[in-house]
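Visitor: I would like the atomic coordinates for the input below:
(one chain, ligands or ions: 1)
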Amino acid sequence: MNNVYSSFAQAKQKIHGLEAIDYFFAKEMVQALVSNDSIHRKGQVDTGDNHSDNDRLITHILLALSESLRAGHTCLPLSELANKHWGCAFDNYGEVSHSGVIFPELTILTTTITALALSPEQQQPIVFHHGNLYLRRYFQFECELAQDISMRIATRSTFSLDEITECISGLFPEDNLSETRNDVNDIDWQKVAVANAINKNFSVIAGGPGTGKTYTVTKLLAALVMLQQSDTLSSSELSIALVAPTGKAAQRLSESIVKAVAGFSELIASDVLAKIPSSAQTIHRLLGVIPNSPNFRHGIDNKLAYDVVLIDEVSMVDLPLMTRVFRALKPNTKVILLGDADQLPSVATGSVLADIAPRPHGGFSTLNCDYLAQVCQLKGAVLRQAFSPFNTEHSTNPNDYLTYLLKSRRFDGKGGIGLLASAVIKGDSQESWGLLTEAKAKNSSQLALATTELSAWLAPLIKQYFQPIEHCENVSEAFKLLAQFRVLCATRQGSYGVEAINDYIKRYLGKAFVSQHSEQQGLYHGQPIMISENNYRLGLYNGDIGIIWRVDDENNSNSHLMACFESSDQAQPIRRILPSRLPKYETVYAMTIHKTQGSEFTHVAMLLSETGASHGSDKARESKLLSRELLYTAITRAKQQITVASNQSTWQQGVNAQVKRHSGLSLSCSDFD
Ligand SMILES: Nc1ncnc2c1ncn2[C@@H]1O[C@H](COP(=O)(O)OP(=O)(O)OP(=O)(O)O)[C@@H](O)[C@H]1O
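Guide: Next comes the predicted model:
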């Protein structure tokens with residue numbers, strides 16, 4: 001490495017976008033490989049180049065691997081580098097500012113890496129497997145997770161077909177005519193999802209917002225409780241854990257389950273419903289955080305006792321965390337994953353849900369089709385017809401564990417939000433922009449395109465939603481109002497980033513000059529805040545939303561500001577914490593789209609850029625982040641209304657870009673059967 005670049009500054013001059021961590025990672029790895037006597041003994045590839053060319057190539061591959069890990073990929077497929085001009089950039093005058101690196105063709109790359117003997121058995125810090133280059137740690141996570149899922153998929157429940165059929169028909173009485181139906185469109189996919197998950201120890205129910213994932217899984221949990229009750233050999237009660245990646249998502253899951261359970265009171269016996277938990281917890285809480293340690297209390301040597309673990313919002317869960325969850329589960333624990341695979345992948349490494357929920361669906365095996373036809377009392381031919389797009393007969397990679405719910409109950413497909421979300425995720429930049437401009441012309445109630453200055457369209461929304469917060473009768477009312485509206489930005493920095501917009505809103509509300517040094521520490525009554533680091537002792541987590549509220553002393557003689565947070569504890573629905581004890585936090589009128597995953601608002605304003613020209617640096621910052629998954633995630637946070645502030649080119653650039661995370665998990669999943 002020292003021979004190739006003598007310093008980070010030198011490497012950075014040549015390769016655009018390089019960060020110090022890439023340089024030191026590559027340096028460290030080259031040294032590790034050299035100390036294992038790999039590069040020098042085996043790494044001399046006869047490519048017609050001399051030895052230092054080979055070292056240079058290996059160094060550049062390792063730099064690219066580091067960049068790739070930084071971007072959240074689990075691995076780097078060498079095919080991505082083949083013949084690529086990497087790290088080249090031009091200055092404002094069109095002159096080359098960074099010459100970059102031109103990688104050779106794939107066979108040379110493969111021969112070079114193969115010569116380093118990086119196969120999984122070699123115990124090197126880097127692994128080369130199936131054409132992908134990994135950091136060993138992520139390779140191990142991926143293998144461990146794939147093997148665990150594979151083991152669970154291979155385990156089937158012992159319930160008889162008759163028991164399952166009876167249970168399913170009881171839970172879906174309105175669909176008892178299915179034997180006579182012969183149209184694919186008549187298939188109730190919620191029923192299929194319950195039937196499909198009931199006999200497996202691992203299942204995924206995926207679908208967009210409001211497709212009834214929670215509604216369906218509540219029926220599934222009821223079915224599992226009923227089957228357990230009818231099992232004469234089992235004396236114990238089914239223990240179920242409801243889990244989500246963040247506190248907010250856990251709160252939403254609890255609310256949706258409670259609502260679904262209440263709605264099933266006439267369909268399902270009360271003693272069955274009573275056994276479905278009403279409160280969800282975060283993954284970190286499930287695993288048991290050990291303060292100041294990366295490890296959890298529950299793991300391979302201290303398994304969790306649950307029979308069923310349901311995880312919601314799985315798109316947000318990264319590869320290492322998901323592997324740790326599976327590590328902590330008993331081999332016979334039933335795992336049910338829910339999520340929307342079209343949403344942004346996790347902030348950290350991996351894209352577990354997108355990997356295990358491929359689009360299009362890989363099809364069901366004939367065996368699974370026959371099973372579903374029988375227990376759902378569907379005509380086999382109808383079911384096969386339904387699966388024909390998935391190529392059931394010839395599929396080499398059936399996804400029996402996966403059911404998609406397609407029909408949104410929230411958006412009827414005619415309303416603007418649903419149409420916009422589906423045009424965006426299809427990558428149709430013209431149609432989606434057309435929907436926004438049409439909505440403006442038609443004065444749509446769901447969609448609005450803001451084409452005027454920030455002050456013209458944002459000010460009325462601030463007046464409507466944020467100004468009344470401080471005048472609410474109590475903090476619970478303030479939380480209700482706050483949940484109605486949020487400004488979502490693509491970036492933190494820049495003129496349209498979270499920080500600038502929060503400052504703008506504070507100024508508008510006349511709160512910009514609250515002194516940082518006063519007893520109030522810059523806080524004010526009615527200020528919404530978001531916690532930005534975990535504090536396990538206080539039970540406050542990154543992403544938790546609170547409101548600063550003036551509270552009277554017990555004798556009403558004095559009042560002071562407290563940070564208030566909603567709690568699932570019915571006896572004490574609001575937790576109060578002294579502001580001086582708060583972990584890091586920020587004001588939250590506006591937040592990044594990434595941070596809103598797992599939350600919903602009645603009205604959302606998505607601020608990409610103003611219609612006027614943006615600053616060059618703002619544009620560069622934004623264009624790195626913009627993708628159809630980002631826009632889709634923002635759109636689907638809105639329950640009733642979305643206001644989009646963007647110009648046409650920024651919008652279309654976002655819709656055309658796609659987040660693609662490299663990983664070998666889907667590959668490993670294809671070896672499941
Ligand atoms: N088969 C159904 N019949 C009647 N109402 C339904 C049905 N399925 C879902 N719903 C209703 O549709 C709404 C959305 O359902 P649910 O919350 O289960 O969707 P979801 O996919 O979990 O949504 P989210 O993406 O917000 O998590 C709920 O009000 C639910 O009661």
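
Visitor: Let me know the distance separating whichever residue of the stretch 1-150 of the chain sits closest to the ligand from V314.
Guide: When scored by Cβ to the nearest ligand atom, the stretch 1-150 of the chain has I149 as its residue closest to the ligand, at 22.3 Å. From N, CA and C alone the C-beta is placed, and that goes for glycine too. I149 sits 12 Å away from V314 when distances are taken as Cβ to Cβ, to the nearest Å.

Visitor: sorry, back to before: and the contacts of the helix or strand where the residue of the stretch 1-150 of the chain closest to the ligand lies?
Guide: I149 belongs to helix 136-154 when elements are defined using DSSP states H and E. For helix 136-154, contacts defined as Cβ atoms under 8 Å, 6 or more residues apart in numbering pick out 69, 74-75, 120, 124-127, 129, 134, 200-202, 319-320, 322-323, 326-327, 331, 335, 349-350, 352, 356, 400-401, 663-665, 668-669, 671-673.

Visitor: which of these count as buried?
Guide: Among those, those scoring as buried are 69, 74-75, 124, 126-127, 129, 134, 200-202, 319-320, 322-323, 326-327, 335, 349-350, 352, 356, 400-401, 663-665, 668-669, 672 (criterion: 16 or more other Cβ atoms under 10 Å).

Visitor: Only the buried residues of the helix holding I149, if you could.
Guide: Y138, F139, F141, E142, C143, E144, L145, A146, D148, I149, R152, I153.

Visitor: Please list the members of the contacts of helix 136-154 that lie in helices.
Guide: Among the contacts of helix 136-154, the members falling in helices (DSSP state H) are L69, L319, P320, M322, T323, F326, R327, V352, I356, L665, S668, C669.

Visitor: Wait, the third one touches T349, no?
Guide: Yes. Between P320 and T349 there is a contact under Cβ atoms under 8 Å: 6.7 Å.

Visitor: Can I get the buried residues of helix 136-154 in JSON lines including pLDDT?
Guide: Putting those into JSON lines (pLDDT from 0 to 100) gives the following:
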{"residue": "Y138", "pLDDT": "95"}
{"residue": "F139", "pLDDT": "95"}
{"residue": "F141", "pLDDT": "95"}
{"residue": "E142", "pLDDT": "94"}
{"residue": "C143", "pLDDT": "94"}
{"residue": "E144", "pLDDT": "95"}
{"residue": "L145", "pLDDT": "96"}
{"residue": "A146", "pLDDT": "94"}
{"residue": "D148", "pLDDT": "94"}
{"residue": "I149", "pLDDT": "94"}
{"residue": "R152", "pLDDT": "93"}
{"residue": "I153", "pLDDT": "89"}
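
Visitor: what angle do the helix holding I149 and helix 319-327 make?
Guide: If you take axes from the mean of the first three to the mean of the last three Cα atoms, to 10 degrees, helix 136-154 sits at 40 degrees to helix 319-327.

Visitor: In three-state terms, how would the nearest residue to Q124 once chain neighbours are set aside be classified?
Guide: Once flanking residues are discounted, Q124 sits nearest to L118: 5.1 Å by Cβ to Cβ, 6 or more residues apart in numbering. What DSSP: H, G, I helix; E, B strand; the rest coil gives for L118 is coil.

Visitor: rewinding a little: could the ones in helices among the contacts of helix 136-154 go into TSV alongside pLDDT and distance to the ligand?
Guide: Compiled in TSV, those are given as follows (pLDDT from 0 to 100; distance: Cβ to the nearest ligand atom, whole Å):
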residue	pLDDT	distance to the ligand
L69	94	30
L319	96	22
P320	95	24
M322	96	19
T323	96	24
F326	97	23
R327	96	26
V352	92	18
I356	91	18
L665	82	23
S668	48	28
C669	47	23
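
Visitor: for stretch 464-484, what is the average pLDDT?
Guide: Stretch 464-484 carries an average pLDDT of 96.

Visitor: mind listing what's buried in it?
Guide: 465-467, 469-470, 472, 475, 478-479, 481-484.

Visitor: that older thread, which one of the ones in helices among the contacts of helix 136-154 is nearest T650?
Guide: For these, the minimum distance to T650 (Cβ to Cβ) is 28.4 Å, reached by L69.

Visitor: With secondary structure and distance to S365 as extra columns, can I get the buried residues of stretch 464-484 in CSV?
Guide: Output for those, formatted as CSV (DSSP: H, G, I helix; E, B strand; the rest coil; distance: Cβ to Cβ, whole Å):
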residue, secondary structure, distance to S365
Y465, helix, 50
F466, helix, 53
Q467, helix, 58
I469, helix, 54
E470, helix, 59
C472, coil, 56
V475, helix, 54
A478, helix, 53
F479, helix, 48
L481, helix, 51
L482, helix, 48
A483, coil, 44
Q484, coil, 46
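
Visitor: Name the nearest of these relative to I257.
Guide: For these, with I257 as the reference and Cβ to Cβ as the criterion, the closest is A483, at 18.4 Å.

Visitor: OK, contacts around that closest one?
Guide: Taking Cβ under 8 Å, 6+ apart as the criterion, A483 is in contact with F601, T602.

Visitor: Can you pull the phi/psi pair for it?
Guide: Dihedral pair for A483: phi -70, psi -10, per degrees, to the nearest 10.

Visitor: what does L242 give?
Guide: L242 adopts backbone torsions of phi -100, psi 130, taken as degrees, to the nearest 10.

Visitor: OK, contacts around it?
Guide: Going by Cβ under 8 Å, 6+ apart, L242 touches A250, L253, S254, I257, P277, S279, A280, Q281, L310, D312.

Visitor: next one: stretch 186-193 to chain centre, how far?
Guide: In terms of Cα atoms, centre = their mean, to the nearest Å, the centre of stretch 186-193 is found 25 Å from the chain centre.

Visitor: C-terminal to the helix holding I149, what's the next element?
Guide: Immediately after helix 136-154, counting by DSSP H and E, sits helix 161-171.

Visitor: Show residues contacting that following helix.
Guide: Against helix 161-171 from outside (Cβ under 8 Å, 6+ apart): 176, 191, 194-195, 198-199, 219, 222-223, 226-227, 230, 267-268, 371, 374-377.

Visitor: again, only using 10 Å
Guide: With Cβ atoms under 10 Å, 6 or more residues apart in numbering as the test, helix 161-171 has contacts from 157, 159-160, 175-176, 178, 190-192, 194-195, 198-199, 216, 218-220, 222-224, 226-227, 230-231, 264, 267-269, 371-372, 374-377.

Visitor: in stretch 301-316, what counts as buried?
Guide: Going by 16+ other Cβ under 10 Å, stretch 301-316 has these buried residues: L304, Y306, D307, V308, V309, L310, I311, D312, E313, V314, S315, M316.

Visitor: wait, I meant stretch 418-433
Guide: G418, L419, L420, A421, S422, A423, V424, I425, D428, S429, S432, W433.

Visitor: shouldn't the third one be in contact with T643?
Guide: No. No contact is recorded between L420 and T643 when judged using Cβ atoms under 10 Å, the distance being 11.8 Å.

Visitor: Overlap in contacts, those two.
Guide: Common contacts of L420 and T643, defined by Cβ under 10 Å, 6+ apart, comprise L447.

Visitor: If we check the ligand, which of the contacts of helix 161-171 are in contact?
Guide: Q190 (Cβ under 6 Å from any ligand atom).

Visitor: Filter the contacts of helix 161-171 down to the buried ones.
Guide: By 16+ other Cβ under 10 Å, those give 157, 159, 175, 178, 190-192, 194-195, 198-199, 216, 218-220, 222-224, 226-227, 264, 268, 371-372, 374-377 as buried.

Visitor: Could you list the low-confidence segments of the stretch 151-300 of the chain?
Guide: Scanning the stretch 151-300 of the chain for pLDDT under 70 picks out 175-184, 232-235.

Visitor: Put together CSV for the buried residues of helix 136-154, with distance to T165 on each row.
Guide: Output for the buried residues of helix 136-154, formatted as CSV (distance: Cβ to Cβ, whole Å):
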residue, distance to T165
Y138, 43
F139, 43
F141, 39
E142, 38
C143, 38
E144, 36
L145, 33
A146, 32
D148, 30
I149, 27
R152, 23
I153, 22
